[in-house]
Structures are given as C-alpha cells and as structure tokens.
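Asks: structure for this input, please:
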Amino acid sequence: MAILFALQWTFVMLPHTLIVRNFSFVVGAVLGLYVIAKNYHLLLQRNAIPVWLIIFLFVWMTIHLLFIGTNHSLQLAEFESLWKRAALGALFAIGFGISIGCLNSGSDFANNASREWNIVVAGLYAPTIIYFIKYSATFLLPVLGLKAPIFLTLFYGSAEFYVAKIAYVFFCLPLLAIALGMLSANLKKSGVASSGDIRQRCFWLLAVIAVMGVFICENIKNGIMYSAALMTIFVFTVLKNGVYKLSKSNLKIIGIVCLAGAIFMAHNFRNNPSWGTLAADYEVASQVSPDIVWKTQDSYYPNNRYGTTVSVTNFDRIFYATTGFHFLESHLLGYGLVQSSFGHLAREHWPNAPLIQSHSGWLDLALGLGIPGVLLLMISSALAIRNVSPCPKPWSIFGMWGLGSILLLYATTEVAQKNYVDTFVWFIVLVASLVLVPLNQPTKVSN
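Replies: Sure thing, here's the model as predicted:
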C-alpha cells in the first residue's frame with residue numbers, strides 16, 4: 001500500500017499516466033476494503049470522526065446532485081469521475097492508515113515502520129526529482145547536441161506533456177513542509193547529534209532547497225509565498241524554547257534554511273514587479289464592477305494609481321475573489337461543481353464571463369460544494385491534524401505538516417480541480433486513519 005501511495009503521488013500530475021493512476025486506485029481500494037473488513041470496529045472510535053465527516057461529504061454531494069443542483073449533466077460527469085476516484089482513494093487511505101496505525105502501537109515503532117516510511121518519502125520526493133530530470137533534459141542536452149524526448153521536455157503553455165504550475169505547488173509543497181517538520185524535530189533533540197542525525201538533516205535540507213528550486217525555476221509566486229509561511233512556522237517551532245538551548249551546529253542549520261529562503265524569495269520578488277504594485281492594483285480590482293469587466297469578451301485591465309496597467313495576475317485574483325464572495329452570499333449551498341462553479345455562476349448574469357476558477361481553491365470549493373461541503377472538509381482536516389499530533393514521528397509530522405501545507409495552499413491556488421480535490425480528500429482520510437488502532441493497544445506518544 002505504501003508503494004501504491006508512492007505511485008499515486010508520482011504520476012498523478014503527469015500527463016498520459018491515467019492507467020497507472022486507475023490501477024493504483026482500484027488495487028488500493030481492494031486492499032483497503034480487506035483491511036477495513038478485518039478492522040471495521042476501529043471506525044467506531046471517536047478518533048474516526050474525521051473519516052465519517054468525509055463520508056458525510058460524499059452523502060452531501062449525492063444530495064446536491066439529486067435535489068439541489070441544476071446542472072445535472074456536468075454534476076453527474078464529475079460524480080462518475082472525480083468523486084468516484086475520491087471514494088476509491090478514501091477506501092485505500094483508510095486501509096493504509098489503519099495498517100500504519102497498527103504499526104504505531106508496536107513496541108519498536110522505528111523498526112516496524114521505517115520501510116513503509118522510506119517508500120512514502122520516495123513518492124513525495126518523486127515530483128521534484130522528475131522536474132529536475134526534465135529541466136536537465138530540456139536545457140542541458142541541447143548543449144551537448146542532443147534533443148530531449150518530448151515526454152522529458154518542459155513546456156510553457158498548452159502542450160501535450162505540459163504540467164501546470166499549480167501541479168508543482170500541490171505535489172511539491174507537502175515535501176517542503178514535511179522536510180521542515182522533520183528538521184524541526186531533529187534540531188530539538190537533546191544531546192550531541194549522531195551521524196544518523198546529521199545525515200537526516202542533510203537529506204531534509206536538500207528537500208527544502210530542491211522544492212524551492214522548482215518554484216524559482218518555474219517562477220511560481222504561490223510556491224514562494226507558502227514556502228515563506230512554512231519557514232516562518234519552522235523558525236518559530238525551533239526557537240520557541242529559546243535560542244540558548246540550541247547548539248552551534250543546530251543554529252547553523254537554521255541559518256542555512258533562512259538564508260536559502262531569503263535568497264529564493266529575493267530572486268522571486270526581483271523577477272515579479274507585480275509584488276510592488278499589489279496594493280495599488282487592489283484598490284482598482286476590489287472596486288471595479290463585473291458589468292465593466294465582462295461587458296464584452298475582450299480583456300479588461302485598467303490603470304492603477306501609478307498610471308500603469310494593473311498586473312494581470314494581481315487584478316484577476318483580487319477581482320475574482322471580490323466577485324466570488326458576492327456570488328457566495330446568494331449561493332450558500334453551492335452550484336454543485338468542483339471545477340468552474342465560479343465561471344458558471346458568472347455566466348448566469350454576464351454571458352461574456354469566461355468559464356474559469358476564482359484563483360482561490362477554498363472559494364471555488366465554497367461556490368461548488370457550498371458552505372456545508374467546505375465545512376466538512378475543514379473540520380475533518382482540523383480534527384485529523386489534532387488527532388495525529390501525538391502519534392510517533394515521522395507519521396505525526398507527515399500528517400500535521402503535510403496536510404497543513406495543503407490546507408494552506410488552497411487559499412490562493414487554483415486547485416479546485418479534478419486531479420487535486422480527489423487527492424486532497426484521500427489525503428485527509430489517510431491522516432485521519434493513522435490514529436485508528438485497537439483500544440487495548442493505544443498509539444504510542446512520541447517524546
């Protein structure tokens with residue numbers, strides 16, 4: 001099941017890999033059903049509430065399809081694709097989580113779960129590694145007079161093997177978050193660092209730099225912004241007990257992380273002038289009426305107070321967010337679609353509006369699933385993170401930092417789409433299921 005997780009995380013963002021994804025979903029669901037059948041009583045525990053909240057989410061979307069939504073054809077298409085994959089993924093996640101949770105209750109957790117953890121980490125690392133393989137093939141092979149195969153070529157725009165920037169944020173940011181969490185736990189250990197601790201620090205430090213390297217190479221503002229937020233949390237968690245308690249070597253690691261983050265962020269700010277006009281663009285975008293923006297199908301981008309044309313990314317994000325919240329006030333139960341509910345609602349009033357996302361995953365989900373659907377996702381995520389926090393490392397860090405980073409990126413990233421929402425759902429279920437252990441074998445609490 002760990003291998004199936006690694007396959008899912010590796011291939012879900014890559015084009016022309018649907019057969020691998022479907023295979024792992026089906027096999028994972030079958031294995032998950034077997035584990036559930038053997039341990040169904042674990043789902044009656046109080047810790048299983050987040051899992052049941054996700055089950056209620058499936059019930060809510062069924063009710064929405066049958067009785068609330070008006071665009072039944074598109075809703076049914078999503079039900080038979082996205083929600084079917086999410087359900088299969090949830091079955092797999094419950095089985096995998098229970099399996100790991102039972103390992104947690106063993107007397108020697110480190111030996112019991114190290115193999116599974118290493119496989120999961122390999123899967124988390126894979127999207128970042130694949131990116132740099134493609135980067136090298138695209139830009140270094142031509143120097144040697146060679147041409148990269150089309151499937152190893154980086155594309156910028158619509159193309160057969162194009163991978164969107166948001167995919168790199170969604171599937172690389174959790175690795176950076178987990179790496180920072182593991183570094184934090186390692187640096188807070190008492191005593192002299194062993195050779196194993198030093199190797200672990202180097203391994204996770206490399207992950208931090210590699211992921212931020214992806215965000216810089218792809219010029220992903222969202223990725224850099226969330227990296228900064230996670231690094232701030234990392235520094236706070238390490239230093240909250242006082243700098244004086246840390247060794248010089250630990251302070252050097254913290255300094256390297258902060259320096260790398262500062263360099264990458266400075267590079268991103270320098271290459272994106274839109275950061276400097278954010279406030280001025282907000283003044284315009286938050287006040288402009290959709291009657292003006294969508295009067296025709298032509299793009300509309302006014303000038304800001306500096307007399308220059310607003311940044312396209314700033315204007316779109318702010319205008320869509322402002323408009324989307326107005327839609328939400330009158331559509332509290334949601335339109336019913338995960339993808340492009342914002343665009344469909346806009347076209348009900350302005351036929352020239354494009355069928356697009358609002359640039360905020362949470363807002364798109366609210367417009368699509370309604371307030372009840374978003375609350376089920378948020379509450380189940382929060383409970384899953386709370387429940388997994390006392391679990392042994394590294395799975396507690398996997399749950400808190402990994403799932404926490406996904407909750408964070410949904411704020412301003414267009415991930416209310418098919419390949420991301422179903423992954424989000426089964427990730428929640430996986431984290432929630434890690435704490436499902438027999439009551440006579442309570443989860444071992446990490447030091």
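
Asks: C-alpha only now, for contacts and for neighbours.
Replies: Noted.

Asks: excluding sequence neighbours, find me the nearest residue to Ala321.
Replies: Nearest residue to Ala321 in three dimensions, chain neighbours excluded: Ser358, at 6.1 Å (C-alpha to C-alpha, 6 or more residues apart in numbering).

Asks: hmm, who's touching the helix or strand containing Ile292?
Replies: Here Ile292 sits within helix 290-293, counting by DSSP states H and E. By C-alpha atoms under 8 Å, 6 or more residues apart in numbering, the list of residues contacting helix 290-293 from outside reads 299-300, 323, 350.

Asks: His331: what's it in contact with?
Replies: Going by C-alpha under 8 Å, 6+ apart, the list of residues near His331 reads 367, 370.

Asks: and the gap between it and Asn39?
Replies: Noted for His331: a distance of 40 Å to Asn39, by C-alpha to C-alpha, to the nearest Å.

Asks: in this structure, where is pLDDT below threshold?
Replies: Applying pLDDT under 70 to the chain flags residues 103-113, 158, 190-193, 241-245, 439-447.

Asks: at 50 what do you get?
Replies: Low-confidence segments of the chain (pLDDT under 50): 107-112, 442-443, 445-447.

Asks: just the buried members of the contacts of helix 290-293?
Replies: The neighbour-count criterion (16 or more other C-alpha atoms under 10 Å) marks 323, 350 among these as buried.

Asks: so which of the contacts of helix 290-293 sit within strands?
Replies: In strands, defined here by DSSP state E, there are no members of these.

Asks: did I read that right, the residue nearest to Ala321 in a strand?
Replies: No: using DSSP: H, G, I helix; E, B strand; the rest coil, the assignment for Ser358 is coil, not a strand.

Asks: how about the contacts made by it?
Replies: Shown in contact with Ser358 (C-alpha under 8 Å, 6+ apart): 317, 320-321, 324, 342-343, 364, 414.

Asks: between these, which is nearest Pro354?
Replies: Top of the list for closeness to Pro354, among the contacts of Ser358 and by C-alpha to C-alpha, is Gly343 at 5.9 Å.

Asks: now do the buried residues in the one helix or strand that closest one maps to.
Replies: Using DSSP H and E, Gly343 sits in helix 341-349. Of the residues in helix 341-349, 341-346 count as buried by neighbour count, 16+ other C-alpha under 10 Å.

Asks: from the middle of its chain, how far away would stretch 357-372 be?
Replies: 15 Å (C-alpha atoms, centre = their mean, to the nearest Å).

Asks: picking up where we left off before, any idea which helix or strand comes after the helix holding Gly343?
Replies: Later in the chain than helix 341-349, the nearest helix or strand by DSSP H and E is helix 361-388.

Asks: most remote residue from this structure's center?
Replies: Gly145 (37.9 Å; C-alpha atoms, centre = their mean).

Asks: okay if I get the contacts of helix 290-293 as JSON lines plus distance to Pro390?
Replies: Putting the contacts of helix 290-293 into JSON lines (distance: C-alpha to C-alpha, whole Å) gives the following:
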{"residue": "Ser299", "distance to Pro390": "51"}
{"residue": "Tyr300", "distance to Pro390": "51"}
{"residue": "Thr323", "distance to Pro390": "41"}
{"residue": "Trp350", "distance to Pro390": "51"}
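
Asks: what packs against the helix or strand harbouring Ile129?
Replies: Per DSSP H and E, Ile129 falls inside helix 109-139. Packed against helix 109-139 by the contact rule (3 or more C-alpha pairs under 8 Å, 6 or more residues apart in numbering; DSSP states H and E) you find helix 2-11, helix 82-104, helix 165-187, helix 195-217.
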